[in-house]
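Trainee: quick one: sequence and predicted model below, then my questions.
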Amino acid sequence: MAWQSLLEFVLLATSSLFVIVDPIATVPAFLAMTPNDSPERRVKTARLACWVTASVLLLFAFAGKLIFRFLGITMPAFQLAALARGMQWLSPIALRITTRVMGLLLAAIAFQFMLNAIAALRGTRF
């Protein structure tokens, strides 16, 4: 039973990170941003991007709630701000990538709401 819980957690964490980092959409964006770079420079840039990504993920994994609480930011406010303000400075490629990722996340959230509603209705009688 413990192995099953661990496996479920690992699959959930891995799939969540895969959606957050989105390597499939990141590769074309990376290539579009580095068309004139040498292969060595691209490797160096990719390594730096990986370190920055890992650092931000770890920072918010360990201190995200504290940072938001300190700044007085609620999760709904952050979600709305990320959709509204973030779009102003994005390049067209990044905007398309972000729009697709946000659409995927929105669909996942909608399905989760439906599953939660179905589970809640099963427990209640009309």
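Mentor: Nice, I can see it. Numbers count the residues shown, from 1 in each chain.
Trainee: just the helices in the chain please.
Mentor: Secondary structure of the chain (DSSP state H): helices at 2-21, 23-33, 39-71, 75-84, 92-123.
Trainee: got the angle for the longest one vs helix 2-21?
Mentor: Between helix 39-71 and helix 2-21, the angle comes out at 110 degrees (axes from the mean of the first three to the mean of the last three Cα atoms, to 10 degrees).
Trainee: number of nearby residues for Ser16?
Mentor: 11 (other Cβ atoms under 10 Å). All C-beta atoms are positioned from the backbone trio N, CA, C, and that covers glycine.
Trainee: spatially central residue in the protein, please.
Mentor: Centroid-nearest residue in the chain: Ile20, 2.5 Å away (criterion: Cα atoms, centre = their mean).
Trainee: who's in contact with that one?
Mentor: By Cβ atoms under 8 Å, 6 or more residues apart in numbering, the residues touching Ile20 are Leu57.
Trainee: adding mean pLDDT, write the helices of the chain out as CSV.
Mentor: Conversion of the helices of the chain to CSV gives the following (pLDDT from 0 to 100):
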stretch, mean pLDDT
helix 2-21, 82
helix 23-33, 86
helix 39-71, 88
helix 75-84, 67
helix 92-123, 74
